[in-house]
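>>> Below: sequence and its predicted model.
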Amino acid sequence: MITNKKVFIKEILIALGKLIIAGVLIGLLKKFDIIIALLLVLKIFYNVSTEIVKPENKNNWILLIGMLLTGFGGIIGETWGVYNGYWEYHEVSREIPLWVPFAWMLAFHYLYKLEKNLIPYLSKQTQKNKIILAIILALILPVFGEVITIQLGVWTYYWPYQIFGVPLYAFLCLVFVHMLVYYILHFICKKYKIDDVVYN
C-alpha cells in the first residue's frame, strides 16, 4: 500500500522526465561520445560534491560505492556483450563509447535516489517491500531509457524476443546488475551498522 499516491506518482513522473531528457541528449549527441562522457562526468562530480562530500551525514559514501560497483559491473557486461556480438553501438569510432561506464554509474544514482524518495510513501517499509520496489523500478525504468536511445539509433541489440528493440535478456540483465549491487550494499550496511533508508 502507498500512503500518498499523488506524491508517489509525481516522483515517478519527475524521474521519467529526467530519463527522457538523458535519453534524448545521448541520442542527439551519439556521434560525440567524448562530449557525452564529459557531461556525465560533470554530473557525477556534481552529485558526489553535493551528496557525499558536503553533507554533515557522512554515511552517504555508500552512494559512491554503489556508483563505482555499478560502473565496474556495467563495463564488464558491456565488454562481454559487444565482443560477443549481442549488441552494437552506432556512429562512434570505438566499439564501446567513452560515456558508457559513467551512464551506468548515473543509472545507479538515479534508481537509488528514486527508491529513497519513494520508500517513505510505502505504508509498510519492510525489507521485502523495499526489494519489491527496487525490482519493479529496475525492471521498468532502465528499459524505458534504453527504448529511447535505441529508437534514436544509439545501439542495436541482436538478441531475440524484443519489445521496442529491448530483448527479454536485457530486462533480466538490468535487474540482475541492480539487485546484485543492492544486496552488496545491504550486506555492507548491515555489517557496519550503517543507517540507510534504501538498504536497511
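Perfect, thanks for sending it.
>>> shaky segments in this protein?
Counting by pLDDT under 70, the chain contains low-confidence residues at 56-59.
>>> now the strands for it?
Under the criterion DSSP state E, strands of the chain are mapped to 87-89, 155-157, 162-163, 166-167.
>>> mind putting these in TSV, distance to T149 included?
Where C-beta positions appear, they are placed from N, C-alpha and C, glycine not excepted. Formatted as TSV, these follow (distance: least, CB to CB, whole Å):
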stretch	distance to T149
strand 87-89	10
strand 155-157	7
strand 162-163	14
strand 166-167	10
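>>> most tightly surrounded among the ones you listed?
strand 166-167 (a mean of 18; mean count of other CB atoms under 10 Å).
>>> Off-centre distance for that strand?
17 Å (CA atoms, centre = their mean, to the nearest Å).
>>> So which elements touch that strand?
helix 127-151 (3 or more CB pairs under 8 Å, 6 or more residues apart in numbering; DSSP states H and E).
>>> tell me which residues of the helix it packs on are tucked away?
130, 133-134, 137-138, 141-143, 145-146, 148-150 (16 or more other CB atoms under 10 Å).
>>> Can I get these in TSV including distance to G74?
As requested, those are exported to TSV (distance: CB to CB, whole Å):
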residue	distance to G74
K130	22
L133	21
A134	17
L137	17
A138	13
L141	15
P142	11
V143	15
G145	13
E146	13
I148	18
T149	14
I150	17
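>>> tell me the helices in this structure, going along the chain?
With helices called from DSSP state H, the chain shows them at 5-28, 33-48, 61-83, 100-118, 127-151, 168-191.
>>> Next, the angle from the fifth one to helix 168-191.
An angle of 140 degrees separates the directions of helix 127-151 and helix 168-191 when computed by axes from the mean of the first three to the mean of the last three CA atoms, to 10 degrees.
>>> outside of helix 127-151, which residues touch it?
By CB atoms under 8 Å, 6 or more residues apart in numbering, the residues outside helix 127-151 that reach it are 15-16, 19-20, 22-24, 26-27, 30, 107, 110-111, 114-115, 118-119, 122, 155-157, 164-166, 170-171, 174-175, 178-179, 182, 186, 198, 200.
>>> again, only using 6 Å
19, 23, 26-27, 111, 115, 122, 164-166, 171, 174-175, 178, 182 (CB atoms under 6 Å, 6 or more residues apart in numbering).
>>> just how off-centre is that helix within its chain?
Counting by CA atoms, centre = their mean, helix 127-151 comes out at 8 Å from the chain centroid.
>>> could you give the angle of it to helix 5-28?
Comparing the axes of helix 127-151 and helix 5-28 via the same axes, to 10 degrees yields an angle of 30 degrees.
>>> Then the shortest one?
Taking the same axes, to 10 degrees, one finds that helix 33-48 is oriented at 150 degrees with respect to helix 5-28.
>>> The fourth one now?
Helix 100-118 and helix 5-28 are oriented at 170 degrees to each other (the same axes, to 10 degrees).
>>> Against which helices or strands is helix 100-118 packed?
With contacts taken as 3 or more CB pairs under 6 Å, 6 or more residues apart in numbering; DSSP states H and E, helix 100-118 sits against helix 5-28, helix 33-48, helix 61-83.
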